[in-house]
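Chemist: okay, predicted coordinates and the sequence, questions at the end:
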Amino acid sequence: MIDEQDKLLPIANVGRIMKHILPRNAKISKEAKETMQECVSEFISFITSEASDKCHKENRKTVNGDDICWALSSLGFDNNSEVMLKYLHKFREYENKRLNKTKPQAVKRKMM
């Protein structure tokens, strides 16, 4: 049986993100971290489930970033969807540039 903790995001990561937006001298209780951990994990599960259902209906096995953005929008999180789409676009641009930089070097090495 799957342990309940295995379904949740690591509490240390949740606490680190919470500390990042609070003043330096702010204290966060263990209960607050645990509550946020449960909420964030449930939210991610909710969005992922919606994206997975879309993929299933389209006979696809892999959920991608566009599916997550679609799920956010379809569930009423339009602002989050717009931000995620911008991030996804920039991430893909970065990955393409990174891949294009490594390809010529590999060709040069083969020639030597």
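Modeler: Nice, I can see it.
Chemist: elements contacting the helix or strand bottoming out on mean pLDDT in the chain?
Modeler: The helix or strand of the chain with the lowest confidence, counting by mean pLDDT, DSSP states H and E, is helix 78-111 at a mean of 82. On a contact count with 3 or more CB pairs under 8 Å, 6 or more residues apart in numbering; DSSP states H and E, helix 78-111 meets helix 65-74. C-beta here means a position set from N, CA and C on the backbone, and glycine is covered the same way.
Chemist: just the angle between the helix it packs on and helix 78-111, please?
Modeler: 170 degrees (axes from the mean of the first three to the mean of the last three CA atoms, to 10 degrees).
Chemist: contacting residues around helix 65-74?
Modeler: 47-48, 50-52, 54-55, 78, 80-81, 84-85, 88, 91 (CB atoms under 8 Å, 6 or more residues apart in numbering).
Chemist: pull it out as PDB, backbone CA atoms only.
Modeler: Output of helix 65-74 as PDB, limited to C-alpha atoms (Å, rounded to 0.1, in the frame of the first residue of the first chain):
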ATOM      1  CA  GLY A  65       3.000  21.000 -20.700                       C
ATOM      2  CA  ASP A  66       0.300  22.200 -23.100                       C
ATOM      3  CA  ASP A  67      -2.100  19.700 -21.500                       C
ATOM      4  CA  ILE A  68      -1.400  21.200 -18.100                       C
ATOM      5  CA  CYS A  69      -1.900  24.700 -19.400                       C
ATOM      6  CA  TRP A  70      -5.200  23.600 -21.000                       C
ATOM      7  CA  ALA A  71      -6.300  22.000 -17.700                       C
ATOM      8  CA  LEU A  72      -5.500  25.100 -15.700                       C
ATOM      9  CA  SER A  73      -7.600  27.200 -18.200                       C
ATOM     10  CA  SER A  74     -10.500  24.700 -18.400                       C
END
